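Chemist: compute the structure for the input listed below.
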Amino acid sequence: MALGYTRFALRVVPLDQGFNIAQRLGLQGANTGQNAESMASLSISGYQGYSSSNLPEIVPQNTWQISDTVSYTKGAHSLRFGASIIHNGFGFFQLGAPSGSLSFTGVYTNNPANSSGGNGFADFLLGSAASSSKSAAPFGVPYETYTEYGGFLQDTWRATDRLTVNLGVRYDLFTPLKERYNRQSDYLLGTGTLALAGQGGYSASILDTQTHNFSPRVGLAYRAGDKTVVRAAYGLFYFNEVGAGGSTRLFINNPFAAQYAVSCGATAPCLSTSTGIPNVPSANNLPTMVYQPIPNLTPNVQQWNFTVERQLGASLVARVGYVGTRGTHLNLNLDENVATPGPGAVAARRPYPSVASISGWEPRGPSSYNGLQASMEKRFASGLSFLAAYTYSKSLDEGAGGNSSTGESRINIQNPQNLSADYGLSNFNYGQRFTLSSVYQAPFGKGRKFLSNAGRWTDALVGGWQISSIVTAQSGAPFSVSLSTPTANTGTFTRPNRTCDGNLPSSKQTIDAFYDTSCFVAPPLYTFGNAGRNILIGPGLGTWDLGADKDFALTERFGLQFRSEFFNVLNRANFGLPNGSIGSAAQGTIRTVITNARQIQFALRLHW
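Modeler: Okay, the predicted model is just below:
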């Protein structure tokens, strides 16, 4: 039996926390008290802008856990069964823009005849923001608890001398979050009302607890001859995403957390840096709500694979396999209050005009992955070992969910009434990837093939060296494009219409024009664009890291190791994703790199 307790306290604050810089610069409404004492975030389409992100972030966390596993063997069967309980409690302060934010899109400096030509920085100079947001926690930092229960049964059955079968089942129960003082609420779609924890017939957690999460597992291993093994497996896996979702939490919802947002019409400015960031309710400054479906379906993934492994020599093994997954009920972060495209004020065209955005955390997303995986491994022999691996794959989903590897916004759905339009390549989809890692012992010096009887000084110079190498090459990550000046007038982004592929041949790609921007045009006014999500592929990546080390025997007890390491040996520039802001001066350009320039370092290590 294992018992455990972990305490983790996270506290991240902006560098300018406590200086109230926004107030000093004359921007009112930003610095309104504790944890709202930094510069407001400024988003400027086509430009870098400034962001203090969702800081400060204050998350103290306590975890208690107990688990036990029992094994029993009888004949050809080896049984294992066990259970675990994990109880978590955590405080949470991570609001969106506690010091406020302003967005400048260029909508007020464009040509009203065709809704083009606007410039975000020009709007900034005019002080005309298209939208703002501001949040606070007037009732203090909430403290939440939840518990994860799990149990499993597994049988490893040696059916024959050649065939081994693994059969198992797992059960998971995840309780939804409860706040210590019932300080959480859920905005109910349809009725447009708030469900308050512990009131009106709702439980302390509001959400239901799913009790049917049974996961079957099966695996087969068959030895086809002395040098070949065939393996296959299938499993269903439920997982708890209570720790994801960013600020889409029921305990960060009105009235326990005040989140306000203003979205101005494309032709009617309603914000100005001279008047500041609105932080009290008004007809223009509406509260932001949080929504989670009460049934609270559990995200799950089915995984299956088939692999053939063949021994090619005394130390060489080759593998080739197929891996597939299918995700169901994956959580998506989407705004359920996106306005219908049209002219005039945005709020009046929203499904729920009395509130601003409705940040939903909903188990509605599917995913799919299919991949060919091949590898060749040489175990250490004759001074050499290596592992070469190649993957050819494709991953699809409808959004980044709670976490994004490429910086895609969590709320990234153009039209929440048409989720399937956003089904496309996953942010982490790299169509091809190759890696080669190796270790080579140079055959010189004492105990090796050449110069085994070398003198002390000769051996110190050329003997005992070991060379290590890692080579990585992969295709680019996908990315999306959107208009620098939204034309649908929904209060959110607008994707363009796609008239041709947009991906240029590699021979024509440059950092000043990586993709064909002429393939993307503004859709008719007050309509969504037809360009999909993640339809363009960014730059590939290639790196080679090299190392050389040698041990010097100083005495029988003491030794000295010399290490030299060369990162990005070829000094290759691996570029970031291109700018996807169609209509801006920076569209199609790349101004970032994702790996460092060549780095060389040396080290000495004394060991005994």
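
Chemist: just give me the neighbour total for F602.
Modeler: Here the number of neighbours of F602 (other Cβ atoms under 10 Å) works out to 9. In this view, the C-beta of every residue, glycine as well, is placed from N, C-alpha and C.

Chemist: now it. Nearest residue, chain neighbours left out?
Modeler: In this structure, F602 finds its nearest non-sequential neighbour in S564, 5.2 Å apart by Cβ to Cβ, 6 or more residues apart in numbering.

Chemist: now do the contacts for that neighbour.
Modeler: By Cβ atoms under 8 Å, 6 or more residues apart in numbering, S564 lies in contact with G547, A548, D549, I600, Q601, F602, A603.

Chemist: what do you get if the cut-off is 7 Å, keeping everything else the same?
Modeler: G547, A548, F602 (Cβ atoms under 7 Å, 6 or more residues apart in numbering).

Chemist: just the ones of those in strands?
Modeler: Residues of those located in strands (DSSP state E): G547, A548, F602.

Chemist: just name the closest of the residues you listed to Y146, please.
Modeler: Distance to Y146, by Cβ to Cβ, is smallest for G547 among the ones in strands among the contacts of S564, at 44.6 Å.

Chemist: what are the bridge partners for the closest one, then?
Modeler: For G547, the beta-bridge partners under DSSP bridges are S468, E565.

Chemist: what number of residues are in the vicinity of it?
Modeler: A count of nearby residues for G547, using other Cβ under 10 Å, gives 16.

Chemist: what's the burial count for T6?
Modeler: Neighbourhood size, T6 [other Cβ under 10 Å]: 10.

Chemist: kindly apply the preceding question to V323 instead.
Modeler: V323: 17 surrounding residues under other Cβ under 10 Å.

Chemist: who are the packing partners of the helix or strand encompassing it?
Modeler: Using DSSP states H and E, V323 maps to strand 316-335. Secondary-structure packing of strand 316-335 (3 or more Cβ pairs under 7 Å, 6 or more residues apart in numbering; DSSP states H and E): strand 300-311, strand 358-381.

Chemist: redo the contacts of S564 as CSV? Include pLDDT and distance to G313.
Modeler: Shown next, in CSV, are the contacts of S564 (pLDDT from 0 to 100; distance: Cβ to Cβ, whole Å):
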residue, pLDDT, distance to G313
G547, 96, 27
A548, 94, 27
F602, 95, 37
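
Chemist: who wins for proximity to G321 among the helices and strands packed on strand 316-335?
Modeler: Of all the helices and strands packed on strand 316-335, strand 300-311 sits nearest to G321, with 3.4 Å by Cβ to Cβ.

Chemist: give me the buried positions along that closest one.
Modeler: Residues N300, V301, Q303, N305, T307, E309, R310 are the ones in strand 300-311 that count as buried (16 or more other Cβ atoms under 10 Å).

Chemist: list just the nearest of the residues you listed to A421.
Modeler: Set against A421, the nearest of those by Cβ to Cβ is V301 (23.2 Å).

Chemist: show me the contacts for the closest one.
Modeler: V301 makes contacts with F237, T325, G327, as judged by Cβ under 7 Å, 6+ apart.

Chemist: and the contacts of the lowest-mean-pLDDT helix or strand in the chain?
Modeler: Every helix and strand of the chain was ranked by mean pLDDT, DSSP states H and E. The lowest is helix 456-462, at a mean of 74. Contact with helix 456-462 is made by F444, G445, K446, L451, F552, as judged by Cβ under 7 Å, 6+ apart.

Chemist: from S564, how far off is the first one?
Modeler: Counting by Cβ to Cβ, to the nearest Å, the gap between F444 and S564 amounts to 17 Å.

Chemist: what do you get for the third one?
Modeler: Summarising the geometry, the distance separating K446 from S564, computed by Cβ to Cβ, is 21 Å.

Chemist: show the pLDDT at the nearest residue in space to S51 that is not next to it in sequence.
Modeler: Among residues not flanking S51 along the chain, S41 sits closest, at 4.5 Å (Cβ to Cβ, 6+ apart). The pLDDT attached to S41 in the predicted structure is 90.

Chemist: repeat for G447
Modeler: Note on G447: pLDDT of 73.

Chemist: what about the helices in the stretch 1-150 of the chain?
Modeler: 21-24, 120-126 (DSSP state H, counting those that start in this stretch).

Chemist: what about G463, how many neighbours?
Modeler: G463 has 23 neighbours, counted by other Cβ under 10 Å.

Chemist: quick check, it in contact with F444.
Modeler: Yes - counting by Cβ atoms under 7 Å, F444 is a contact partner of G463 at 5.2 Å.

Chemist: so what sits against both of the two?
Modeler: Shared contacts of G463 and F444 (Cβ under 7 Å, 6+ apart): L451.

Chemist: and the spatially closest residue to D545 that is not a sequence neighbour, backbone torsions?
Modeler: Leaving out its chain neighbours, the residue that sits closest to D545 by Cβ to Cβ, 6+ apart is I470, at 4.6 Å. The phi/psi pair for I470 (degrees, to the nearest 10) reads phi -130, psi 120.

Chemist: and the gap between I470 and S116?
Modeler: For I470 relative to S116 (Cβ to Cβ), the value is 47 Å.

Chemist: outside of stretch 170-186, which residues touch it?
Modeler: Residues from elsewhere that reach stretch 170-186 (Cβ under 7 Å, 6+ apart): 139, 142-152, 194-198, 204-207, 209, 211, 213-215, 217, 238, 240, 242, 250-251, 253-254, 256, 291-292, 296, 298.

Chemist: follow-up on the earlier one: okay, now the residue nearest to D545: neighbour count?
Modeler: 15.

Chemist: for T328, same thing?
Modeler: Count around T328 with other Cβ under 10 Å applied: 16.

Chemist: who touches it in this structure?
Modeler: Residues in contact with T328 (Cβ under 7 Å, 6+ apart) are N300, P366.

Chemist: just A454 next, same as before
Modeler: A454 makes contact with G445, K446, G463 under the criterion Cβ under 7 Å, 6+ apart.

Chemist: grab the nearest non-local neighbour of the last one.
Modeler: Among residues not flanking G463 along the chain, G445 sits closest, at 1.9 Å (Cβ to Cβ, 6+ apart).

Chemist: could you check the distance from the one you found over to G383?
Modeler: Taking Cβ to Cβ, one finds G445 at 11 Å from G383.

Chemist: more crowded one of the two?
Modeler: Neighbour totals were compared for G445 and G383, and G445 leads with 22 against 14 (other Cβ under 10 Å).

Chemist: state the number of residues packed around V280.
Modeler: When counting by other Cβ under 10 Å, one arrives at 9 neighbours for V280.

Chemist: brain fart, Q432
Modeler: Neighbour count for Q432, taken as other Cβ under 10 Å: 14.

Chemist: right, and it touches S393 too?
Modeler: No - counting by Cβ under 7 Å, Q432 sits too far from S393 to count as a contact (8.0 Å).

Chemist: any stretches of this structure with poor pLDDT?
Modeler: 53, 113-115, 243-247, 283-284, 401-411 (pLDDT under 70).

Chemist: now with 50?
Modeler: 245, 403-409 (pLDDT under 50).

Chemist: now, among the ones in strands among the contacts of S564, which is nearest to N571?
Modeler: Checking the ones in strands among the contacts of S564 against N571 by Cβ to Cβ gives G547 as the nearest, at 16.5 Å.

Chemist: check contacts around that closest one.
Modeler: Per Cβ under 7 Å, 6+ apart, neighbours of G547: S468, R563, S564, E565.

Chemist: same question for L425.
Modeler: Contact partners of L425, counting by Cβ under 7 Å, 6+ apart, are S395, L396, P478, N534.

Chemist: now the angle from whatever helix or strand the second one lives in to strand 316-335?
Modeler: In this case it means L396. When elements are assigned from DSSP H and E, L396 belongs to strand 384-397. Counting by axes from the mean of the first three to the mean of the last three Cα atoms, to 10 degrees, strand 384-397 lies at 30 degrees to strand 316-335.
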